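*Asks:* Provide a 3D model corresponding to the input given below.
(one chain, ligands or ions: 1)
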Amino acid sequence: MQTTVATKPIDRVILASGSPRRRELLERMGLRFEVFPAQVNEWEEADAPPAELVRHNAALKAEWAAVRKPQELILASDTTVALGDEVLNKPVDMDEARTMLGRLSGKTHTVYTSIALRCEAHNIDELDHVTSDVTFRLLSAEDIERYIQVVNPLDKAGAYGIQEGKEIIIAGLDGSLTNVMGLPTEFLTDLFKRLGIWDSLSS
Ligand SMILES: Cc1cn([C@H]2C[C@H](O)[C@@H](COP(=O)(O)OP(=O)(O)OP(=O)(O)O)O2)c(=O)[nH]c1=O
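*Replies:* Okay, here's the model as predicted:
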């Protein structure tokens, strides 16, 4: 005899991320959510195509959570910085952070953040990415030292956070600020509305 399992309505998001910025941005959106950080080995090659890299990593994180919580709506993301043809991920130490900030100095780079949304029970499987262009001020060695004293660069792609100490490093932004911080909230709002689940997540 076949048994059918009742499908649970979508009433919250499972954020498959350990990033405090993603949590904060989701809180600001006013949605019901729980945090369930995915434990995966991310693809981090410097010469990988950035769009493919962030999409691959978000899909990996979403998959990790979706197999463990097939009834839930899983949200996963990945952020990276692309300077020309090169991908700058999180620096491994302070020296690499200094080098990354020196390379970004006086230039415009592109920040890529992907969004993977999965719900096995409701057949939701969405994968996309958003880009923003960020221009750095011309930084002296003193500016870089001052910056890494006020901001921990080690847990951030490109060794900087646009949300912290931006007066030291940022000259301009073209695109979404929340995308640079790790979760493009405008894009996400539109996606939830398109899927018809915004009201059930926020009410
Ligand atoms: C460029 C930039 C990145 N970042 C952060 C966002 C991401 O948290 C981090 C990039 O690493 P990610 O691998 O995208 O995320 P994470 O490891 O912090 O969290 P998880 O994999 O569990 O979801 O860099 C900022 O906070 N501000 C910025 O301006």
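*Asks:* which residues of the chain lie near the ligand?
*Replies:* 17-19, 21-22, 37, 42, 77-79, 81, 90, 111, 155-158, 160-163, 180-182 (CB under 6 Å from any ligand atom). Where you see a C-beta, it was placed from the backbone N, CA and C, and this is true even at glycine.
*Asks:* mind checking which of those residues are buried?
*Replies:* 17, 19, 21-22, 37, 42, 77-79, 81, 90, 111, 156-158, 160-163, 180-182 (16 or more other CB atoms under 10 Å).
*Asks:* how about the spatially most central residue of the chain, what does it touch?
*Replies:* The chain has residue 182 as the residue nearest its centroid, 3.2 Å off, counting by CA atoms, centre = their mean. The contact partners of residue 182, taken as CB atoms under 8 Å, 6 or more residues apart in numbering, are 19, 21, 22, 25, 77, 79, 113.
*Asks:* any regions of the chain where pLDDT drops low?
*Replies:* 1-6 (pLDDT under 70).
*Asks:* the protein: helices as residue ranges?
*Replies:* Secondary structure of the chain (DSSP state H): helices at 20-28, 50-68, 94-104, 141-150, 166-169, 177-181, 185-194, 198-202.
*Asks:* can you list those in CSV and add distance to residue 85?
*Replies:* As requested, those are exported to CSV (distance: least, CB to CB, whole Å):
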stretch, distance to residue 85
helix 20-28, 26
helix 50-68, 9
helix 94-104, 13
helix 141-150, 23
helix 166-169, 22
helix 177-181, 20
helix 185-194, 25
helix 198-202, 38
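*Asks:* highest average neighbour count across these?
*Replies:* Compared across these, helix 177-181 shows the largest average neighbour count, a mean of 24 (mean count of other CB atoms under 10 Å).
*Asks:* residues making contact with it?
*Replies:* 21, 25, 79, 111, 113, 130-132, 134, 161-163, 173, 184-187.
*Asks:* just how off-centre is it within its chain?
*Replies:* Mean-position distance between helix 177-181 and its chain equals 8 Å (CA atoms, centre = their mean, to the nearest Å).
*Asks:* please apply the same query to stretch 191-203.
*Replies:* That offset, for stretch 191-203, works out to 20 Å (CA atoms, centre = their mean).
*Asks:* still on that earlier bit, so which of the helices of the chain is nearest residue 118?
*Replies:* helix 50-68 (4.3 Å; CB to CB).
*Asks:* which helices and strands does the closest one pack with?
*Replies:* Packing partners of helix 50-68 (3 or more CB pairs under 8 Å, 6 or more residues apart in numbering; DSSP states H and E): strand 73-83, strand 108-119, strand 124-136.
*Asks:* the last one pairs with which strands, and in what direction?
*Replies:* So the one you mean is strand 124-136. strand 108-119 (antiparallel), strand 170-174 (antiparallel) (DSSP bridges).
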